[in-house]
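1. this is the structure alone, sequence omitted:
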């Protein structure tokens with residue numbers, strides 16, 4: 001395999017300023033991501049796409065506070081503010097993002113399990129089908145950008161590296177939530193699995 005793909009992760013209204021789960025500066029990455037798209041023949045977008053009764057929403061658990069933790073069947077799960085509900089404005093891509101994708105991967109649509117990674121549900125076993133698609137397109141090198149560095153970008157990058165892809169995260173085309181040290185943990189895990197971290201200028 002010789003081709004490469006740009007993976008644009010969750011650049012959606014609810015993750016941008018004014019959204020239900022806003023990442024600081026989330027809208028600042030839209031312009032550079034748009035500029036980057038011209039350099040790739042294969043572009044994939046991921047989209048958080050939750051049903052209203054998703055178990056990761058704090059308000060679906062009586063008395064639970066946002067950002068508290070529960071033990072799900074697949075391990076520890078953060079309880080998030082309600083976000084990216086299917087068919088809502090919050091779930092739409094940022095209005096200024098160029099949506100010119102070969103594929104849009106929707107994730108987190110099963111009520112009983114969250115999905116940070118573009119490749120697997122949070123059980124780390126149920127695939128999204130993205131790996132197979134990329135291999136059918138003869139892709140072995142992935143460039144990742146989007147939101148948020150320490151959750152969906154991190155899990156996507158680490159899973160891709162473990163699946164044998166060559167992975168680079170463009171750090172200035174990402175923004176982080178940084179929840180209780182999650183950014184430092186994400187950087188450590190990405191480094192440990194061989195994910196490169198570069199700036200757009202160095203790409």
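-> Arrived safely, thanks for sending. Quantities reported herein were computed from a predicted structural model and do not represent experimental measurements. Residues are numbered from 1 along each chain as shown.

2. rest of the way, CA atoms for contacts and neighbours
-> Noted.

3. now residue 61, nearest residue through space, not along the chain?
-> Spatial nearest neighbour of residue 61, chain neighbours left out: residue 55 (7.8 Å); criterion: C-alpha to C-alpha, 6 or more residues apart in numbering.

4. A strand includes that neighbour, no?
-> No - counting by DSSP: H, G, I helix; E, B strand; the rest coil, residue 55 falls outside a strand, being coil.

5. that one: how many residues sit nearby?
-> Close neighbours of residue 55, defined as other C-alpha atoms under 10 Å, add up to 22.

6. verify the stated contact: it with residue 112.
-> Yes - in this structure residue 55 lies within contact range of residue 112 using C-alpha atoms under 8 Å: 5.7 Å.

7. any idea how far residue 200 is from residue 43?
-> Distance from residue 200 to residue 43, counting by C-alpha to C-alpha, to the nearest Å: 16 Å.

8. which one's more surrounded, those two?
-> residue 43 (21 against 15).

9. the more buried one should be in a strand, yeah?
-> Yes - according to three-state DSSP, residue 43 belongs to a strand.

10. quick one, grab the pLDDT at the closest residue to residue 30 other than its chain neighbours.
-> In space, and not counting its chain neighbours, residue 30 is closest to residue 97: 5.6 Å by C-alpha to C-alpha, 6+ apart. Note on residue 97: pLDDT of 98.

11. helix/strand/coil for the residue nearest in space to the middle of the chain?
-> Central residue of the chain (C-alpha atoms, centre = their mean): residue 152, 3.1 Å from the mean position. With three-state DSSP as the basis, residue 152 sits in helix.

12. in this structure it contacts residue 9, no?
-> Yes - between residue 152 and residue 9 there is a contact at 7.1 Å, judged by C-alpha under 8 Å.

13. need the overlap of contacts for the two.
-> Shared contacts of residue 152 and residue 9, defined by C-alpha atoms under 8 Å, 6 or more residues apart in numbering, are found at residue 118.

14. who touches the residue nearest to residue 156 when sequence neighbours are not counted in this structure?
-> Once flanking residues are discounted, residue 156 sits nearest to residue 117: 4.2 Å by C-alpha to C-alpha, 6+ apart. By C-alpha under 8 Å, 6+ apart, the residues touching residue 117 are 152-157, 159.

15. rerun at 6 Å
-> Each residue near residue 117 by C-alpha atoms under 6 Å, 6 or more residues apart in numbering is listed here: 152, 155-156.

16. tell me the secondary structure for it?
-> coil.

17. please, where are all the strands along this protein?
-> 3-9, 42-48, 69-72, 75-78, 103-107, 139-147, 166-175, 196-198 (DSSP state E).

18. thank you, goodbye.
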